[in-house]
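[1] Next one to model:
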Amino acid sequence: MEVTAQQAFDIEKIRKDFPLLEQEMNGKPIIFLDSAASSQKPAQVIDRLNDYYRTGHANVHRGVYQLSQEATTAFEEARELVRQFINAPSEKEVIFVRGCTEGINLVASSYGRKFINQGDAVLITAMEHHSNIVPWQMICEERGAELRVAPVNDAGEIDLDALYELLDERVKIVSLVHVSNALGTVNPVKAIIDRAHELNIPVLVDGAQAIPHTQVDVQALDADFYTFSGHKMFGPTGIGVLYGKEEWLEQMPPYHGGGEMIKTVTFEKTTYNELPHKFEAGTPDISGVIGLGEAVKYMQSVGYDNISRHEHELLVYATEQLEQIEGLRIIGTAKEKASVVSFIVDGVHPYDLGAILDKLGIAVRTGHHCTQPLMARYEIPGTVRASFAFYNNKADIDALVAGINRAVLMLK
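    Down below sits the predicted model:
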């Protein structure tokens, strides 16, 4: 059961759940402000992974012996946890993948081979991560289709009028990010899905940056596909989820071939397994799935009401403090934002600023954030990005501001 009472949120107690936050970096207490790249892991997840490998490891779905059956039970219990977590109608619609990137590639390849043909179009937006650009470029090139791109405005918001103008009968799928990793923009995905569905166009949502911050209900969104990574939501690396409506997944060919995804194999003909196993070839990341289930339980224990409230306070505070720094410009000022602040400082290269902050024990991300077309839109080489999770506090932001001021004095 989710804990939502405000008094239940104890930031100091939560910080103690994350062992890495007690470490040092370059001889300084670490201030971790790069959760958009990969979040830290609570002891509960680390302990569950350790417990699995010490006492419960066996391959799943194949063994009749007790250890294998227990591992299979833990694996499938995690699938049910994820199903409930995103409110998917059926466990058949929850496919374990290596991460959001593989989820997008799976849909681009499998859906694309089935439904995209010469003269068709795929619609994305100008704020997409490379993982939601390149797979569609590849399938469009292979199938002779057009890649359409909806523009963004100066605030970092999708130009909805332009996007809707690009929707027509040639578009076979829309694929867009729920929350921008580079700008923090929260996109109106429900409205876009509804408009696309008026033309019977399916929509894939890249939810990697949304899942750590906000409750996602795939049925309420009516998303056809929704994918996210475990490592950004306090779980292990190398594991993620692709949700897909059963009606689409049943029609799509397998993405990988091998064990588990088959019913029968002869040299003449192979018949494929039922969902979700049809898309889960080979031995899966068993520990990753179990660890992801533990991460789901941990997030539910903290409560999304508490997460959203605390992170919004951090975003507001950080924005106010950073705007007081002379020469600093925030890139991405959408009305609806998650806890990400990207910025540049006049006369200071982002890499140089990031390097000095590193020496002060402050971990931020610098560069183009795998969104080179978006950086070109703003005519900048990259930004410094500070991204917050519910384990951050205002003292972390104060240290960031002090570090920036110190770095600017040194570099100017």
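
[2] Check this protein for its longest helix and report it.
    What stands out as the longest helix in the chain, according to DSSP state H, is helix 66-86.

[3] Could you check that helix and say which residues are buried?
    Burial within helix 66-86, assessed by neighbour count using 16 or more other Cβ atoms under 10 Å, is assigned to 68, 71-72, 74-75, 78-79, 81-83, 85-86. C-beta here means a position set from N, CA and C on the backbone, and glycine is covered the same way.

[4] Do you have the helices of the stretch 151-300 of the chain handy? List them.
    Under the criterion DSSP state H, counting those that start in this stretch, the stretch 151-300 of the chain contains helices at 160-166, 189-198, 218-221, 246-249, 286-302.

[5] Quick one: closest of those to Pro236.
    helix 286-302 (4.2 Å; Cβ to Cβ).

[6] Okay, now the unreliable bits of the chain?
    1-7 (pLDDT under 70).

[7] okay, now the domains of it?
    With domains defined by automatic domain parsing, the chain comprises 6-32+303-411, 47-300.

[8] want to throw those into CSV with distance to Ser39?
    Converted to CSV, the domains of the chain look like this (distance: least, Cβ to Cβ, whole Å):
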stretch, distance to Ser39
domain 6-32+303-411, 5
domain 47-300, 5
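
[9] Burial-wise, tell me which of those comes out on top.
    domain 47-300 (a mean of 19; mean count of other Cβ atoms under 10 Å).

[10] mind checking how far that domain is from the chain centre?
    Computed by Cα atoms, centre = their mean, to the nearest Å, the chain-centroid distance of domain 47-300 equals 10 Å.

[11] Point to the residue nearest the middle of the protein.
    With distances taken as Cα atoms, centre = their mean, Ala208 lies nearest the centre of the chain, 1.0 Å away.

[12] picking that back up, tell me which two of the buried residues of helix 66-86 sit farthest apart.
    Farthest pair in those (Cβ to Cβ) is Ser68 and Ile86. Separation: 27.7 Å.

[13] Do you have the helices of the stretch 301-412 of the chain handy? List them.
    Going by DSSP H, counting those that start in this stretch, the stretch 301-412 of the chain shows helices at 304-322, 350-359, 372-377, 394-411.

[14] Could you figure out how far the longest one is turned away from helix 394-411?
    I take that to be helix 304-322. Angle, helix 304-322 to helix 394-411, by axes from the mean of the first three to the mean of the last three Cα atoms, to 10 degrees: 30 degrees.

[15] got the contact list for helix 304-322?
    With Cβ atoms under 8 Å, 6 or more residues apart in numbering as the test, helix 304-322 has contacts from 2-4, 6, 8-9, 11, 184, 212-215, 299, 328, 330, 337-341, 343, 386, 388-390, 392-394, 397-398, 400-401, 404.

[16] Check the offset of it from the chain's centre.
    19 Å.
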